[in-house]
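# Pasting a predicted model and its sequence here:
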Amino acid sequence: MLKSHRAAYCRSAAAAAWIAAIVAAPAAGAATPDTLLAGYVGEARAAPNPERGQLLFNSRHGRDWSCASCHGAVPTVPGRHAATGKPIAALAPAFNPGRFTEVAKADKWFRRNCNDVVGRECTAAEKADVLSWLIKLKP
């Protein structure tokens, strides 16, 4: 019985951390890369691993594309969509301050791009890993 209470407490604590990160951000879903990361970490209930994030970003996962196919192996400069050629602004937040500043937009692009790259939605842990790596990239 104690284990189930502990698990329920951990789930509610993770949910509270995610909500706190969102509520702490200004209106209209504004956020920072750090508050988004805190939300993903809380949801995953595990510390992020930037090296695992870099590996996920640069691997093809048995599919045609990796994240790097469009964003570049080190996404500190603009990239181009592999199929359409459409320009894509730098992904790393230090090189593009507009990145990861809206919760809904970040969730939408993680969902869309994870489906393209890994064939499913990314887990909160995978999002935390990738975002923690992107945050580490500095000029």
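On my side now, so go ahead.
# Could you pull out the buried residues of stretch 58-71?
Neighbour counts over stretch 58-71 (16 or more other C-beta atoms under 10 Å) mark Asn58, Trp65, Ser66, Cys67, Ala68, Ser69, Cys70, His71 as buried. Heads up, the C-betas are built off the backbone N, CA and C, glycines and all.
# how long is it from one end to the other?
10 Å (C-alpha to C-alpha, to the nearest Å).
# roughly how far out does that stretch sit from the chain middle?
Centroid separation between stretch 58-71 and its chain, computed with C-alpha atoms, centre = their mean, to the nearest Å, is 15 Å.
# same thing with stretch 45-63?
10 Å.
# Between the two ends of it, how far is it?
Criterion C-alpha to C-alpha; first-to-last residue distance in stretch 45-63 is 28 Å.
# what does it rub up against?
10, 14, 37, 40-41, 66-68, 71, 73, 75, 116-119, 122, 125-126, 128-134, 136 (C-beta atoms under 8 Å, 6 or more residues apart in numbering).
# Repeat that for stretch 127-139.
Residues outside stretch 127-139 that contact it (C-beta under 8 Å, 6+ apart): 33-34, 36-37, 40-41, 44, 46, 48-54, 56-57, 67, 74-76, 91-95, 99-100, 110, 122.
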